[in-house]
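K.L.:
Generate coordinates for the sequence data below:
(chains A and B)
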Amino acid sequence: NAGVTQTPKFQVLKTGQSMTLQCAQDMNHEYMSWYRQDPGMGLRLIHYSVGAGITDQGEVPNGYNVSRSTTEDFPLRLLSAAPSQTSVYFCASSRDPNSPLHFGNGTRLTVT
Amino acid sequence: DAKTTQPTSMDCAEGRAANLPCNHSTISGNEYVYWYRQIHSQGPQYIIHGLKNNETNEMASLIITEDRKSSTLILPHATLRDTAVYYCIVRRIGGSQGNLIFGKGTKLSVKP
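P.N.:
Numbers count the residues shown, from 1 in each chain, chains lettered A, B, ... in the order given. Have a look, this model is predicted:
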């Protein structure tokens, strides 16, 4: 049972490039979310989804897009990367918004 | 969601119990206490949660005071692998966003 899988583990982008961070879970969880973690800031919610076809914004959504076409996958898109988006990104899932979250091991993104 | 206060760091001898305190004096009646930990370079890991009764699972015990204004996470026999940052989080029941608000946590160092 893989749990929550994030790819890639590391990525370096130039300012203005776009990319997609992948997140997949095999637990049939309805709820999925994306967080970013910056030094001294804790984890902050970017976007979340309570089921396929439904997404909503979290605390820091600007510069990021998401979609949820299947229960298993919840990709995060950076449309035009900026140095301020240098961070560690974590995807999480749970049975519903009130159940314990299961986190992936993160994608470490550097934007130069 | 209510704020929590935790010590910045703690040390514990290997094999001894680690008792991690958390103050959440403004907690509401509809908020759970959750504990997560984050081992270096990994995603946060769920440990335990509770509402007002003490809870125990295979990882830890959670003791919540009768007035619910504070709690203690107990790792009964700490090992070197328990070295991590431990986060105490209060989370509203019934919320649709599913957001976990992470503070700075307690850095627990288990020493041989």
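K.L.:
For the helix or strand where B:Tyr36 lies, name the packing helices and strands.
P.N.:
Here B:Tyr36 sits within strand B:31-38, counting by DSSP states H and E. In terms of contacts (3 or more C-beta pairs under 8 Å, 6 or more residues apart in numbering or on different chains; DSSP states H and E), strand B:31-38 is packed against strand B:18-23, strand B:45-50, strand B:61-64, strand B:84-92. C-betas here are computed from N, CA, C, even on glycine.
K.L.:
try 7 Å
P.N.:
Contact here means 3 or more C-beta pairs under 7 Å, 6 or more residues apart in numbering or on different chains; DSSP states H and E; on that basis strand B:31-38 packs against strand B:45-50, strand B:61-64, strand B:84-92.
K.L.:
is chain A contacted by the last one?
P.N.:
It refers to strand B:84-92. No: judged by C-beta under 7 Å from any C-beta of the partner chain, strand B:84-92 makes no contact with chain A; its nearest approach is 7.8 Å.
K.L.:
which residues touch stretch B:46-58?
P.N.:
Stretch B:46-58 has contacts (C-beta atoms under 7 Å, 6 or more residues apart in numbering or on different chains) with A:100-102, B:32-37, B:59-64, B:68, B:73.
K.L.:
how does it look with 6 Å?
P.N.:
Residues external to stretch B:46-58 that are found in contact with it (C-beta atoms under 6 Å, 6 or more residues apart in numbering or on different chains): A:100, B:32-37, B:59-60, B:62-64, B:68.
K.L.:
In chain B, which residue is most central in space?
P.N.:
Closest residue to the average C-alpha location of chain B: B:Trp35 at 3.3 Å, with C-alpha atoms, centre = their mean.
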